[in-house]
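Q: Quick one, structure for this:
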Amino acid sequence: MTNDDAKTPPSAVVPVDPKAVGTAATFDVETPDGPMPLFEVQPLGGGARRAVVVIQEAFGVNSHIEDVTRRFAREGYLAVAPHLFHRTGGGTIPYDRIDLVAPHFERLSDDTLLVDGDAALAHVRGRGFEPERIGLVGFCMGGRVSFLVATRRRIGAAVGFYGGGILHGRGERLGPLAEDLSAMKTPWLGLFGDEDQSIPVVEVEELRARLESAPVDTEIVRYPAAGHGFHCDQRESYHPSSAADAWQRTLDWFDGHLA
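A: Okay, the predicted model is just below:
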């Protein structure tokens with residue numbers, strides 16, 4: 001782990017032209033709770049060397065999450081994004097309507113999130129990728145899911161962007177995740193903004209300290225000028241230099257840990 005704050009470059013992350021990547025499609029995969037839509041993008045020309053599961057924000061698999069999935073395909077990954085709101089009718093939520101999120105969260109728990117993550121991972125394995133060649137990255141609520149998966153499942157690597165509720169949970173169904181990290185299974189990189197009002201810096205630093213007991217590689221990076229959602233170019237909180245640095249660190253983390 002590192003205690004250094006991020007040094008951010010001036011460049012931003014450029015959205016991907018859908019024509020610049022290979023085939024994109026949404027189809028259902030089976031879970032114990034019924035079919036779950038999965039957005040999948042193949043790299044141009046096929047022949048993906050690795051795979052990545054992209055976990056949505058609290059607003060669903062919207063155009064931003066689809067764009068992130070395409071960005072990974074542009075980097076040579078088979079990339080998939082599971083629709084975690086399939087139990088409540090699916091769909092997406094506008095960024096300015098956070099009030100519409102709660103009904104979807106009522107059907108989510110750590111157990112159901114693992115069910116959905118397992119279904120996405122099983123699909124990727126069925127495409128021919130061994131666990132050590134699979135990465136997982138999550139944003140917002142997906143950032144917390146990345147940590148949940150890293151503590152319970154063994155894959156190549158995981159990355160979480162501004163995932164709240166890791167230390168203290170989010171109610172009864174989404175419990176604390178960092179109470180005992182001595183059996184953590186997957187290398188994990190956490191990316192946080194100091195201006196994030198929902199995740200105080202003191203909690204980020206407490207998480208860093210707890211991760212010292214983890215038997216796998218971990219790292220936390222803080223962005224002093226960034227708030228929650230800093231990677232999303234569709235939100236007012238978008239911070240281009242922090243987003244660019246975090247994206248490169250994500251690619252480097254996967255390069256360093258995926259077979």
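
Q: just so I have it, where are all the helices in the stretch 101-250 of the chain?
A: Ranges of helices within the stretch 101-250 of the chain are 102-105, 110-126, 141-152, 201-210, 240-257, based on DSSP state H, counting those that start in this stretch.

Q: just to confirm, which helix or strand has the residue lying closest to residue 40 once chain neighbours are set aside in it?
A: Nearest residue to residue 40 in three dimensions, chain neighbours excluded: residue 80, at 4.7 Å (C-beta to C-beta, 6 or more residues apart in numbering). The way it works is simple: take the backbone N, C-alpha and C, and place the C-beta from them, glycine included. Using DSSP states H and E, residue 80 sits in strand 77-82.

Q: what lines up beside that strand in the sheet?
A: When pairing is defined by DSSP bridges, strand 77-82 lines up against strand 34-41 (antiparallel), strand 50-55 (parallel).

Q: Flag the shaky bits of the stretch 51-200 of the chain, pLDDT-wise.
A: Applying pLDDT under 70 to the stretch 51-200 of the chain flags no residue at all.

Q: can you pull the pLDDT of the residue of the chain most remote from its centre?
A: Residue farthest from the centre of the chain, counting by C-alpha atoms, centre = their mean, is residue 45 at 25.4 Å. As predicted, residue 45 sits at a pLDDT of 87.

Q: Just give the nearest non-adjacent residue to it, would you?
A: residue 22 (6.6 Å).

Q: what's around that neighbour, how many residues?
A: Neighbourhood size, residue 22 [other C-beta atoms under 10 Å]: 17.

Q: pretty sure it belongs to a helix, no?
A: No - using DSSP: H, G, I helix; E, B strand; the rest coil, the assignment for residue 22 is coil, not a helix.

Q: Make sure the residue farthest from the centre of the chain is actually in contact with residue 21.
A: No - Residue 45 sits out of contact with residue 21 when judged by C-beta atoms under 8 Å, with a separation of 9.8 Å.

Q: got the contact list for residue 32?
A: Residues in contact with residue 32 (C-beta atoms under 8 Å, 6 or more residues apart in numbering) are residue 115.

Q: Tell me the pLDDT of it.
A: Reported pLDDT for residue 32: 94.

Q: how close does it sit to residue 77?
A: Separation of residue 32 from residue 77 (C-beta to C-beta, to the nearest Å): 27 Å.

Q: Same question for residue 126.
A: 16 Å.

Q: got a list of contacts for the strand holding residue 80?
A: Identification of contacts with strand 77-82 by C-beta under 8 Å, 6+ apart yields 29, 36-43, 48-56, 61, 65-66, 68-70, 72-73, 116-117, 119-120, 123-124, 127, 129, 135.

Q: List only buried entries from those.
A: Buried by 16 or more other C-beta atoms under 10 Å: 29, 36-43, 48, 50-56, 61, 65-66, 68-70, 72-73, 116-117, 119-120, 123-124, 129, 135, out of the contacts of strand 77-82.

Q: quick one: pLDDT of the residue nearest to residue 45?
A: The model's pLDDT for residue 22 equals 80.

Q: Please apply the same query to residue 7.
A: Confidence score, pLDDT, at residue 7: 46.

Q: Likewise for the one 10 residues further on?
A: For residue 17, the model assigns a pLDDT of 79.

Q: That one and residue 46: what is the separation?
A: Separation of residue 17 from residue 46 (C-beta to C-beta): 18 Å.
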